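A.B. asks: The amino acid sequence is not available; the structure is as follows:
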C-alpha cells in the first residue's frame, strides 16, 4: 500500500494553479473550493476531494460555444 492520496495535495494544487491562472483553489476545512474567473463573472465549485474540484474546474472553463450557436441560427 502506498501513501494516502492527500499527502501530495499541496503540490498538486500549486501545479494546477500555475497551469491555470484563472482558477484559484482553497481548502476550507472539510472541502475544497475552486473559483474559475471568466469574462462574465465567476464559477464557484466545492467538492470534498481535490481531484474532483480540479476535474470540475477543468470542465467549467469557458468554451467557444456562442459563436457556434450564432452561426447555426444565421443558417436558419
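C.D. replies: Looks like it arrived, so ask away. Quantities reported herein were computed from a predicted structural model and do not represent experimental measurements.

A.B. asks: Look up how far residue 17 lies from the spatially closest residue to residue 24 that is not a sequence neighbour.
C.D. replies: Leaving aside its sequence neighbours, residue 24 sits nearest to residue 35 (CB to CB, 6 or more residues apart in numbering; 4.8 Å). To be clear about C-beta, it is placed using only N, CA and C from the backbone, and glycine gets the same treatment. For residue 35, the distance to residue 17 equals 11 Å [CB to CB, to the nearest Å].

A.B. asks: re earlier: need the contact list for the residue nearest to residue 24.
C.D. replies: Taking CB atoms under 8 Å, 6 or more residues apart in numbering as the criterion, residue 35 is in contact with 23-25, 42-45.

A.B. asks: ok, 6 Å please
C.D. replies: 24, 42, 44 (CB atoms under 6 Å, 6 or more residues apart in numbering).

A.B. asks: what helix or strand is it on?
C.D. replies: strand 32-38 (DSSP states H and E).

A.B. asks: tell me which residues of that strand are tucked away?
C.D. replies: 32, 34, 36 (16 or more other CB atoms under 10 Å).

A.B. asks: Out of the residues you listed, the closest to residue 8 would be?
C.D. replies: Distance to residue 8, by CB to CB, is smallest for residue 32 among the buried residues of strand 32-38, at 14.1 Å.

A.B. asks: which of the buried residues of strand 32-38 lies closest to residue 57?
C.D. replies: Among the buried residues of strand 32-38, and counting by CB to CB, the member closest to residue 57 is residue 34, at 4.2 Å.

A.B. asks: Let's test this: mean pLDDT of the strand holding residue 35, rounded?
C.D. replies: For strand 32-38, the mean pLDDT works out to 89.

A.B. asks: Report the next helix or strand after that strand in sequence order.
C.D. replies: Using DSSP H and E, the first helix or strand after strand 32-38 is strand 41-47.

A.B. asks: which residues sit against that next one?
C.D. replies: Contacts of strand 41-47 (CB under 6 Å, 6+ apart): 31-36, 53, 56-57, 60.

A.B. asks: Walking through the protein, point out its helices one by one.
C.D. replies: 9-19, 50-60, 66-75 (DSSP state H).

A.B. asks: Right, I'll call it a day here.
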